[in-house]
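1. Have a look; sequence and predicted model below, questions after that.
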Amino acid sequence: MNIKMCLTVAIFIFVFVSAHAKMPDESESRYQSMDLPNLSILSYNVEKLCQEFKTCNATRVHDLLRKGHSNYLLLTDEKKSNVQFLLSKTINNNWSIQVDQKHWFVLASDQHLVFELLEKAQNLADDNKFLEAEQNIQKALKLKPDMDNAYILWAYCKLQQGQFDLFIQYGEKAITLNSTNANYFNKMAWFYATTKYSKYRDGRKALQYALKAVSILPDNWMYTDTLAASYACNAQFHEAMEAQNKSITLLRNSDLPADKIHHYLKKMNQRKKLYQHQRTYTEN
C-alpha cells in the first residue's frame with residue numbers, strides 16, 4: 001500500500017469516527033454551555049431544565065450538596081417536593097445531570113471546588129476554628145461570589161467571634177442573595193430581637209424578618225419561637241404569648257427525641273414567663 005492510499009484510508013477513518021461519535025441529542029444540547037464562567041451558569045442551566053421538564057414540579061435551583069467524591073445531590077423546589085437530581089462529573093469537565101433516567105450534559109469548569117471549600121469551612125467552624133474557616137469561605141467566594149450559604153456561614157463565624165457589625169453585613173448579604181431562605185431571616189431576626197447590646201437591637205427589623213421566616217415555613221417551632229421574641233422586643237406581649245404557645249405546641253408535636261423536646265421546652269417556658277410579666281428576652 002503506497003503512501004497516497006494510506007493517507008486516503010486515514011482520512012476516511014477520521015471522517016467516519018467523527019461522524020459517528022456520540023453526540024448529545026437535541027434535548028441535551030439545549031442545556032450545553034461551552035464557556036461557563038462560574039457555577040451560577042450551571043445553576044441557571046439546571047433551573048431552565050427544571051422549568052421545561054414539567055414532571056419535576058420544580059421551579060428553581062435550591063442548593064447543591066456534596067455526596068461522594070465526584071457527585072452532588074441537587075435539591076429543588078420551594079414546596080419541598082423532594083425532587084432530586086444526581087450530578088456526576090465525567091470526562092472533559094462535563095457534569096451529567098440525571099432526571100428520571102434521562103441525562104443532560106452541561107460543561108462546567110473546575111469551580112465545582114467551591115463546594116469542597118465550603119464543606120471544609122463548615123467543618124472548621126464546627127471545630128471553632130473560625131479564622132481557618134473564613135479563609136476557605138473567602139476562597140469559595142472568589143470562585144462563586146453569589147453563594148449565599150457561604151455568606152451565612154461567614155456571618156456565623158463573625159458572630160461567634162463577637163464581630164457583630166460584620167455578622168450583620170454578611171447575614172444581610174445572604175438574605176439579599178437568597179430572599180426565600182427562611183433560616184437566614186430567622187437567624188437575623190433572633191439576633192436583632194435578643195441581643196443584649198442595645199446598639200444592635202432592632203425590634204422593627206426583628207419582627208419584619210421573623211414574620212418573613214414564618215410566612216415561608218409556618219409550622220417550624222424555632223421560627224415561631226423567634227417570632228415570639230420579636231413581638232416581645234416590640235412590647236407586643238399579647239402577640240408574643242400567642243406565638244410562644246404555638247411554638248410550644250409545634251415543638252411537642254415534632255419528631256425530635258424526647259430529651260431534646262424537654263430541653264427546648266424548658267427554655268421556651270422560661271421565655272413565656274418573661275412575656276407574661278411584659279419583659280423581653282435577651283441572650284447573655
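-> Looks like it came in fine. Since we're looking at a predicted model, the values are computed, not measured.
2. any low-confidence regions in the protein?
-> Of all residues in the chain, those with pLDDT under 70 make up the ranges 1-113.
3. per-domain residue ranges of it.
-> 25-108, 112-180, 181-284 (automatic domain parsing).
4. gap between the two ends of stretch 122-137?
-> End-to-end distance of stretch 122-137 (Cα to Cα, to the nearest Å): 9 Å.
5. Likewise for stretch 174-188?
-> 10 Å.
6. for stretch 276-284, same thing?
-> Start and end residues of stretch 276-284 are separated by 20 Å (Cα to Cα).
7. and if you look at stretch 119-139?
-> 12 Å.
8. who's in contact with it?
-> Residues from elsewhere that reach stretch 119-139 (Cβ atoms under 8 Å, 6 or more residues apart in numbering): R66, L117, L118, A140, A150, L153, W154, Y156, C157, Q160, Q161. Any C-beta I mention is one placed from the backbone N, CA and C, and that applies to glycine too.
9. one more time with 6 Å
-> R66, L117, A150, W154, C157, Q160, Q161 (Cβ atoms under 6 Å, 6 or more residues apart in numbering).
10. Can you point out the buried residues in it?
-> K120, A121, Q122, L124, A125, F130, A133, E134, N136, I137, K139 (16 or more other Cβ atoms under 10 Å).
11. Relative to N181, which of those residues is nearest.
-> Q122 (16.0 Å; Cβ to Cβ).
12. Surely that closest one is within a helix?
-> Yes. Under DSSP: H, G, I helix; E, B strand; the rest coil, Q122 sits within a helix.
13. need the next SSE after the helix or strand harbouring S230, C-terminal direction.
-> Using DSSP states H and E, S230 falls within helix 221-233. For helix 221-233, the succeeding helix or strand toward the C-terminus, using DSSP H and E, is helix 237-252.
14. Would you indicate which residues of that next one are buried?
-> For helix 237-252, using 16+ other Cβ under 10 Å, the buried residues are F237, E239, A240, M241, E242, A243, Q244, K246, S247, I248, L250, L251.
15. same check, this time on stretch 154-164
-> W154, A155, Y156, C157, K158, L159.
16. what's the answer for stretch 197-206, then?
-> For stretch 197-206, by 16+ other Cβ under 10 Å, it's R201, D202, G203, K205, A206.
17. picking that back up, out of the buried residues of helix 237-252, which one sits closest to Y192?
-> The closest of the buried residues of helix 237-252 to Y192 turns out to be A240 (Cβ to Cβ; 14.9 Å).
18. measure T224 to Q236 for me?
-> Distance, T224 to Q236, using Cβ to Cβ, to the nearest Å: 14 Å.
19. more crowded one of those two?
-> More neighbours surround T224 than the other of T224 and Q236, with 26 against 17 (other Cβ atoms under 10 Å).
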